[in-house]
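Asker: Provided below are the primary sequence and the corresponding predicted coordinates.
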Amino acid sequence: MDKGIDNTQKIERMKELVRILGDASRAYYMEDREIMSNFEYDKLYDELGALEKETGTILAGSPTQKVGYEVVSSLPKEPHPSPMLSLDKTKEVEALVAWLGDHQGILSWKMDGLTVVLTYEDGALTKAVTRGNGEVGEVITPNARTFRNIPQSIPVKGRFTIRGEAVIFYSDFNKLNATIPDTEARYKNPRNLCSGTVRALDSRVTAERAVHFYAFSMVDPEDPEILSRIGGSIHERFKFLTSIGFDVVEYRTVTSKTLPDAVRWFSEAITKNDFPSDGLVLSFDDVAYGRSLGRTAKFPRDSIAFKWQDEEAVTTLLDVEWSPSRTGLINPVAIFEPVELEGTVVQRASVHNISIMKELALGKGDRIKVYKANMIIPQISENLTRSGALIIPKTCPACGKETLIKNENDTETLVCPNPDCPAKDLKRFSLFVSRNAMNIDGISEATLERFLDRGFIKLFSDLYHLDRYKDEIVQMDKLGERSYANLIAGIEASRKVNLANLIYALGIPNVGISNAKLIVRHFDQDPAACFDAPYDELCEIEGIGPIIAESYVAYFADEGHRSELDQLLPELVIEKEESSLPQDLSGKTFVITGSLESYPNRDALKKEIEDRGGKVAGSVSAKTSYLINNDIASTSGKNKKAKELGIPIITEADYIAGNL
């Protein structure tokens, strides 16, 4: 393995050169500055080219290569040669020790992203396929070529296949979310963001979002020389993969005696990781032995997953903060004595609504149990004292006007009916600039609040004339010339807008982006027809019921709203939206419920369905074609209704595979 060790050192130098040359190119071409001379750049470029020839490896992002982006209308499906089974799992370290017995094992991270299978032919990357439902995956080859750390070429003859996990780091996830002012529109976690990014129809989207790949297994290579070099050990295979340019999942070689300490090491390291993981994987290091064990109907016997127990903490509820929103909904947020969970200190958790608050019987001073759902979102799991003494405010905390309790679908919520509530003004501007609306980069809710306080903005059109206040804006705390320039650039870019996004941006009660798209599509993207849509015709649109139609008509009948729209329209260019996707879902209506796994959020899945000609409704009815729910056995109201009406309940995997 001497050759492999030497190669590893060369690969490390190549990674350093790719980074240095990449920084120099970005500085020169994008920032109009030089960080090295042409002579020095050419020297390093030639060194990289020579190392690529010596090693036979070309790393992702190498300046010696040009990556062409591709846009596709849909992702092709492809069956896996053998099923990709899930792993059996345990939460007990003792069970891991018993499972390993007298054998040597490999303990590694169970990374939380999207599993991808890479195939190389004579050293060239020819195919990348997602895990999909385990039997059929989606071909994402153009996207995989943009991953930040996948070698484009390797020194291996014949066919070579490896499996690994595509992930997006927490730091990159947080950077992207920071550009989305509307908190409700932000991505929920790196896993869902990665899933949607890897499966994007435009490879430029994947390239922009910094996807990384970590190998965790490989199929025996066809090249007999390499097969003899790597032997039958996972440890040796990982060393080989590293020597040809791959990043492998971090691991430890363990025995039953060292296993508990290794688990403790991983449990401490997880708090410092920049990548998402949801446990560990223990495998037999001896590949042949692991294969000899075969598999059950559900699980392979050569590996087992370890999941940490959800970390809970007991604390004291100090208060419940009531947070007003754009729609008038006032959301309860629990404030409790700070506790550490999963390596971070938390002291707030959403309670969602009055019904959940009553179910938990919350009261100030109660002892409560809190945890992080998916190790991310703080939640209350249990109230140990259940005083039920919490008082629901009778006045809005933002405007002081009397509140109302609404009961819809057996769920109680608190609302502020005051149309002039200042919280609504801030929230309506927050919605206007959000991703699914005008998508204005560089403007946060905190910045909007300062603009409102200073009187810079009263109407939506005022956003397009903030240049009047340039001197004052650049003097604001944490802003300055660069932030101001980014703000104006984002506003200018938003002038071109699709009609559905504009209608959603107006903040019409009960009208979401999906409803707006249905209306726009019905009126053939004609702005005048959409703004003057009659109630009866709106009710005829499948997915637009009387409540939505009434809200929609009332909004445009209001003189103040029409006046504001009339002042906004001259600032904009309304573009017609053209879909490049096949209209194979035309005539079908979907309802989506439950958590998603393969899409970053429900908006992404809704958009795809609508772009393919389908419709998305909020509730199950006789007109529903399919209910999408990953928990088919759920006893939720939507599942019960679908079963009563004989409507098929399908999972995301069914939808992706086209099992309709």
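Answerer: Structure's in. What do you need?

Asker: Now Leu360. Nearest residue, chain neighbours left out?
Answerer: In space, and not counting its chain neighbours, Leu360 is closest to Asn383: 4.7 Å by Cβ to Cβ, 6 or more residues apart in numbering. To be clear about C-beta, it is placed using only N, CA and C from the backbone, and glycine gets the same treatment.

Asker: how many neighbours does the one you found have?
Answerer: A count of nearby residues for Asn383, using other Cβ atoms under 10 Å, gives 18.

Asker: in the sheet, who's paired with it?
Answerer: In this entry, Asn383 is beta-bridged to Ile368, by DSSP bridges.

Asker: Run through the residues that contact it.
Answerer: With contact taken as Cβ atoms under 8 Å, 6 or more residues apart in numbering, Asn383 is in contact with 317, 360-362, 366-369.

Asker: Nearest to Glu138, out of these: which one, please.
Answerer: Lys369 (40.1 Å; Cβ to Cβ).

Asker: you'd agree the closest one is up against Glu311?
Answerer: No: between Lys369 and Glu311 there is no contact under Cβ atoms under 8 Å: 10.8 Å.

Asker: residues contacting Ser636?
Answerer: 593-594, 629.

Asker: pLDDT at it, what is it?
Answerer: Confidence at Ser636, expressed as pLDDT, is 77.

Asker: any idea how far it lies from Asn189?
Answerer: For Ser636, the distance to Asn189 (Cβ to Cβ, to the nearest Å) stands at 22 Å.

Asker: In space, what's closest to Thr253 - neighbours in sequence excluded?
Answerer: Nearest to Thr253 is His235, by Cβ to Cβ, 6+ apart, at 5.7 Å.

Asker: How far away from the center of its chain is the host helix or strand of that neighbour?
Answerer: Here His235 sits within helix 234-243, counting by DSSP states H and E. Centre-to-centre, helix 234-243 and its host chain are 31 Å apart (Cα atoms, centre = their mean, to the nearest Å).

Asker: same deal with stretch 450-462?
Answerer: Chain-centre distance of stretch 450-462: 32 Å, with Cα atoms, centre = their mean.

Asker: hang on, the earlier thing: name the next helix or strand downstream of the helix holding His235, please.
Answerer: Defined by DSSP H and E, the subsequent element after helix 234-243 is strand 251-254.

Asker: For the stretch 201-350 of the chain, which residues score under the pLDDT cut-off?
Answerer: 297, 309-310, 326, 342-343 (pLDDT under 70).

Asker: in it, which spans are helices?
Answerer: 203-208, 224-230, 234-243, 259-269, 287-292 (DSSP state H, counting those that start in this stretch).

Asker: Out of the ones you listed, indicate the one that is most buried.
Answerer: Among the helices of the stretch 201-350 of the chain, ranked by average contacts under mean count of other Cβ atoms under 10 Å, first place goes to helix 234-243 (a mean of 21).

Asker: what's in contact with it?
Answerer: 1, 4-5, 7-8, 11, 106, 162, 215, 217-218, 226, 229-230, 248, 251, 253, 283-285, 287.

Asker: and the residues you listed, which are buried?
Answerer: Buried by 16 or more other Cβ atoms under 10 Å: 4, 7-8, 11, 106, 162, 215, 217-218, 226, 229-230, 248, 251, 283-285, 287, out of the contacts of helix 234-243.

Asker: circling back: quick one: closest of the helices of the stretch 201-350 of the chain to Glu54.
Answerer: helix 234-243 (12.6 Å).

Asker: list the contacts for the residue lying closest to Ser621 once chain neighbours are set aside?
Answerer: Sequence neighbours aside, Leu645 is the residue nearest to Ser621 in space, at 7.6 Å (criterion: Cβ to Cβ, 6+ apart). Residues in contact with Leu645, defined by Cβ under 8 Å, 6+ apart, are 620-622, 624.

Asker: Check Leu390 too.
Answerer: Contacts of Leu390 (Cβ under 8 Å, 6+ apart): 320, 357, 362-364.

Asker: repeat for His103
Answerer: In this structure, His103 makes contact with 255, 284-286, 289, judged by Cβ under 8 Å, 6+ apart.
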